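Asks: Structure for this input, please:
(one chain, ligands or ions: 1)
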Amino acid sequence: MKDLGIHEYMKWYPSKVGTYTSGKVYKTTTPLDLLRLDAIPLIDRIKLGLFAMRVKRIKEWKDLENQTADFWLRERLGGMAYEKVWAPLLKGKFGDFYDEIGMPWFWSKIQTRFASRQGIRQREMLGYPDGSFDTVFDKLQGSIESKGGEIHISTPVIKINVVDHIAKGIKAVAPDGKEFDMDFDCILSTVPSFSFPNLVDLPVEYRERLTSVHYLAAVVVILELSHALTDFYWMNIADADVPFLGLIEHTNMLPKEWYGGNNILYMTNYLDREDPVYSLSQEDLLDLYLPHLNKFNPKFERSWIKATHYNALSAAQPIIGTNYSKVIPDHRTPIERLYLANTTQVYPEDRGTNYSIKMGRRIVETILEDERQLWRNWK
Ligand SMILES: Cc1cc2nc3c(=O)[nH]c(=O)nc-3n(C[C@H](O)[C@H](O)[C@H](O)COP(=O)(O)OP(=O)(O)OC[C@H]3O[C@@H](n4cnc5c(N)ncnc54)[C@H](O)[C@@H]3O)c2cc1C
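Replies: Numbers count the residues shown, from 1 in each chain. Below is the predicted model:
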């Protein structure tokens, strides 16, 4: 954001976190709150806090690579602290794949959660750009176009044209439905791993690295409400009976006046693309979800809903298993001048916009280095 001259748009807000478990909402904003989590015995609450500090102190995530988070946590934390808090969150986030997730994922979550805490009370601070990510994207678009670049949205690439193992250009479909070809000096693809082999023929070994990573889909429902549902910003749901994973009440962090006086509630859910919930219509999804909102506020009524927004994404969350550093696909593909950058290559951290930007910088360096090498060879 500094590069684009919009860093002053980035604002930091304290978050208020709750956890729904055993039929009750608990405040879990600060480490002290964990001590009051009476859904589990006091000894397990203490273990929970000490365990997080222990993971925080681990410097070398590679030592954890050959174990799943489920196994590691079961072995070293176990008991009610695991069963009532971490296991439901792992299952909620990764569904049937929860016991495949490599331990580095858990390690990186703990590192970022601690890093975002400030002050003696260790309250978490979250960053949000004024005007949302649109502020960044609009400025980026202006910057690219002012330098002569072009941006084509709603223009799917259907093929990467390759001649003699060198990427030469793309075939795409314009918004009016017409196919067209365009040539480039080099190509950086950011499509999901399972889509990439549909665009270009790849050697088996590289293709298998791509297709071996499974993605979870996301189902995103946003409600505009006349009343606040809770006073929490982020609600983790550690209860398998609730059919969504979390509630994010945006206007408990930002002023609701920015949203026409409405309370913005975002209901998040990650699931397998084969899960029937992924294919439900918006209406059926609401029928499934809404009765559960009374668990968070008994006064909630359907009449509070002023508008609903729905979106489903097929490549939301890659499932990263054990020993992933040995099979992570290289950004340099086996095709010369063709590069790949997507969320399966963010590791050991979990995907996030900041990591994608970091990856972008790294890839620019890689591409420039390859260009320099080509020039050296040519001379
Ligand atoms: C529900 C949800 C909430 C999130 N919340 C946050 C958050 O609060 N903060 C945060 O930092 N990160 C968040 N993330 C993560 C963040 O969105 C990703 O890390 C980031 O978008 C990854 O960027 P990307 O460019 O690699 O992929 P994407 O943003 O997914 O971009 C890939 C693009 O490629 C396009 N595409 C696919 N196939 C083709 C094709 N054939 N031709 C042309 N285009 C194609 C897709 O339409 C898409 O626009 C969230 C992710 C999800 C799913």
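Asks: Would you mind listing the buried residues in the longest strand along the chain?
Replies: The longest strand of the chain (DSSP state E) is strand 305-318. By 16 or more other Cβ atoms under 10 Å, the buried positions in strand 305-318 come out as Ile305, Tyr310, Ala312, Ala315, Ala316, Gln317, Pro318. Just so you know, the C-beta spots here come from the backbone N, C-alpha and C atoms, and that holds for glycine as well.
Asks: Would you convert those into JSON lines that also reports pLDDT?
Replies: Formatted as JSON lines, these follow (pLDDT from 0 to 100):
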{"residue": "Ile305", "pLDDT": "98"}
{"residue": "Tyr310", "pLDDT": "95"}
{"residue": "Ala312", "pLDDT": "94"}
{"residue": "Ala315", "pLDDT": "94"}
{"residue": "Ala316", "pLDDT": "95"}
{"residue": "Gln317", "pLDDT": "93"}
{"residue": "Pro318", "pLDDT": "95"}
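Asks: ok, back up a step: by contact count, what packs against the helix or strand that the longest strand of the chain is followed by?
Replies: Following strand 305-318 in sequence order, the next helix or strand is strand 338-340 (DSSP states H and E). Other helices and strands packing on strand 338-340, by 3 or more Cβ pairs under 8 Å, 6 or more residues apart in numbering; DSSP states H and E, are strand 187-189, helix 353-378.
Asks: Minimum distance to the ligand: which of these has it?
Replies: With Cβ to the nearest ligand atom as the measure, helix 353-378 is the member of these nearest the ligand (3.4 Å).
Asks: Now do the buried residues in that closest one.
Replies: Applying 16+ other Cβ under 10 Å to helix 353-378 flags Tyr355, Met359, Ile363, Thr366, Ile367 as buried.
Asks: What is the burial count for the residue nearest to Pro41 when sequence neighbours are not counted?
Replies: Residue nearest to Pro41 in three dimensions, not counting chain neighbours: Met80, with 6.1 Å by Cβ to Cβ, 6 or more residues apart in numbering. By other Cβ atoms under 10 Å, 17 other residues sit near Met80.
Asks: on that earlier part again, so which of the buried residues of helix 353-378 reach the ligand?
Replies: On the criterion Cβ under 6 Å from any ligand atom, none of the entries of the buried residues of helix 353-378 sits beside the ligand.
Asks: Poorly predicted segments of the stretch 101-250 of the chain, please.
Replies: 116-122 (pLDDT under 70).
Asks: What residues does it have near the ligand?
Replies: Pro156, Val157, Thr190, Val191, Ser195, Ala218, Val220.
Asks: Quick one: buried ones out of these?
Replies: Among these, those scoring as buried are Val157, Ala218 (criterion: 16+ other Cβ under 10 Å).
Asks: now do the same end-to-end measure for stretch 7-27.
Replies: The first and final residues of stretch 7-27 sit 32 Å from each other (Cα to Cα, to the nearest Å).
Asks: Contacts (any at all) between the ligand and it?
Replies: No - for stretch 7-27, no contact with the ligand is found by Cβ under 6 Å from any ligand atom; the gap never falls below 11.7 Å.
Asks: quick check: mean pLDDT across that stretch?
Replies: Stretch 7-27 carries an average pLDDT of 92.
Asks: Pull the contacting residues for whichever residue of the stretch 201-350 of the chain sits closest to the ligand.
Replies: As assessed by Cβ to the nearest ligand atom, the ligand sits closest to Ala316 within the stretch 201-350 of the chain, at 3.5 Å. Counting by Cβ atoms under 8 Å, 6 or more residues apart in numbering, Ala316 touches Tyr215, Leu216, Ala217, Ala218, Tyr270.
Asks: Could you find the closest non-adjacent residue to it?
Replies: Nearest residue to Ala316 in three dimensions, chain neighbours excluded: Ala218, at 3.4 Å (Cβ to Cβ, 6+ apart).
Asks: do Leu285 as well
Replies: Nearest to Leu285 is Val221, by Cβ to Cβ, 6+ apart, at 6.4 Å.
Asks: give me every residue that touches the one you found.
Replies: Val221 touches Phe244, Tyr266, Met267, Asn269, Gln282, Leu285, Leu286, Tyr289, Thr308, His309, Tyr310, counting by Cβ under 8 Å, 6+ apart.
Asks: Ramachandran angles for it?
Replies: Backbone geometry at Val221, expressed as degrees, to the nearest 10, gives phi -120, psi 130.
Asks: No further questions, thank you.
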